[in-house]
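Asks: Following is a predicted model, sequence given first.
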Amino acid sequence: MAMITPMIKPVITPMTDVSPAAATAQAAAAAKLQAAFEALYRDRMQDVPILNGRLRVACIGMRGCDDGWLAALVTPWFINLMLLPASAEAAEAWRGIDIGGKSLHQFPAGRFEFIMGELADIGRYRMCSLFSPVLEFEDQAAAELTAAAALDALFDAEHGDNAEARASGAVAAEQAAVVAPAATAGTPSRRGLLFGPASVRGGQS
């Protein structure tokens with residue numbers, strides 16, 4: 001069983017570098033992440049029964065932060081938070097962590113569990129599941145709005161009163177309760193996107 005590794009940063013904060021070089025690197029990281037999962041979808045996921053054919057792969061809100069590049073990734077089978085290493089040194093360090101290894105990351109909104117993954121096109125990455133599967137989403141716009149709101153909510157300290165670790169695998173019934181309003185009446189609350197409604201979770205754990 002994969003062990004939870006020590007927290008990498010006490011608090012993850014966005015980088016403030018707005019230089020042209022930083023913007024170019026940010027755009028390149030987003031394009032690389034999206035292309036890698038587009039290839040995965042095209043080459044290996046076509047026969048998976050849980051796919052939502054109304055969705056496509058999209059990298060949302062890529063930004064620099066303490067731990068590297070952070071984005072939300074929409075695919076026809078999940079919406080995840082994704083962390084990529086921002087330097088060759090960080091990428092090398094991540095190769096020393098087992099695939100499936102877990103780590104806790106502290107955001108203003110609370111602690112979240114990320115799991116190490118790897119794809120040939122991008123190398124190691126860390127992922128935190130928000131929604132899987134994503135069959136409740138009626139269209140790409142609803143999925144992208146939800147992903148963007150969840151990403152923004154990570155850095156909203158108003159959601160930080162609960163610092164317990166969030167499990168990386170969400171419960172399908174819980175997801176349906178959170179996402180259903182997004183398909184018909186706009187994006188659910190930011191807190192609901194990250195933590196789920198207390199009525200479903202039975203309180204925060």
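Replies: That came through, no problem. Residues are numbered from 1 along each chain as shown.

Asks: Determine the three-state secondary structure at residue 69.
Replies: Classification of residue 69 by DSSP: H, G, I helix; E, B strand; the rest coil places it in strand.

Asks: Report all helices and strands that whichever strand or helix holds residue 111 contacts.
Replies: Take DSSP states H and E as the rule and residue 111 turns out to sit in strand 110-119. On a contact count with 3 or more Cβ pairs under 8 Å, 6 or more residues apart in numbering; DSSP states H and E, strand 110-119 meets helix 20-44, strand 79-84, strand 102-107, strand 123-131, helix 190-195. In this view, the C-beta of every residue, glycine as well, is placed from N, C-alpha and C.

Asks: hmm, which helix or strand of this protein has the shakiest average pLDDT?
Replies: helix 198-201 (a mean of 26; mean pLDDT, DSSP states H and E).

Asks: follow-up on the earlier one: figure out which of the helices and strands packed on strand 110-119 is closest to residue 155.
Replies: strand 102-107 (6.5 Å; Cβ to Cβ).

Asks: buried ones in the closest one?
Replies: 102-103, 105-107 (16 or more other Cβ atoms under 10 Å).

Asks: remind me which residues of this structure are low pLDDT?
Replies: Across the chain, the ranges flagged by pLDDT under 70 are 1-18, 67, 159-205.

Asks: ok, now how distant is residue 135 from residue 53?
Replies: 10 Å (Cβ to Cβ, to the nearest Å).

Asks: Looking at those two, which is more packed in?
Replies: Higher neighbour count among residue 135 and residue 53: residue 135, with 19 against 7, using other Cβ atoms under 10 Å.

Asks: before we move on, what SS does the closest residue in space to the more buried one that isn't next to it in sequence have?
Replies: Leaving out its chain neighbours, the residue that sits closest to residue 135 by Cβ to Cβ, 6 or more residues apart in numbering is residue 52, at 5.2 Å. Assigned by three-state DSSP, the conformation of residue 52 is coil.

Asks: if we can go back for a sec, any chance of the helices and strands packed on strand 110-119 in TSV with distance to residue 63 as columns?
Replies: Below are the helices and strands packed on strand 110-119 laid out as TSV (distance: least, Cβ to Cβ, whole Å):
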stretch	distance to residue 63
helix 20-44	7
strand 79-84	11
strand 102-107	12
strand 123-131	15
helix 190-195	16
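
Asks: Of all those, which one comes closest to residue 96?
Replies: strand 123-131 (9.6 Å).

Asks: Adjacent strands (with direction) for that closest one?
Replies: Its sheet considered, strand 123-131 pairs with strand 79-84 (antiparallel), strand 110-119 (antiparallel) by DSSP bridges.
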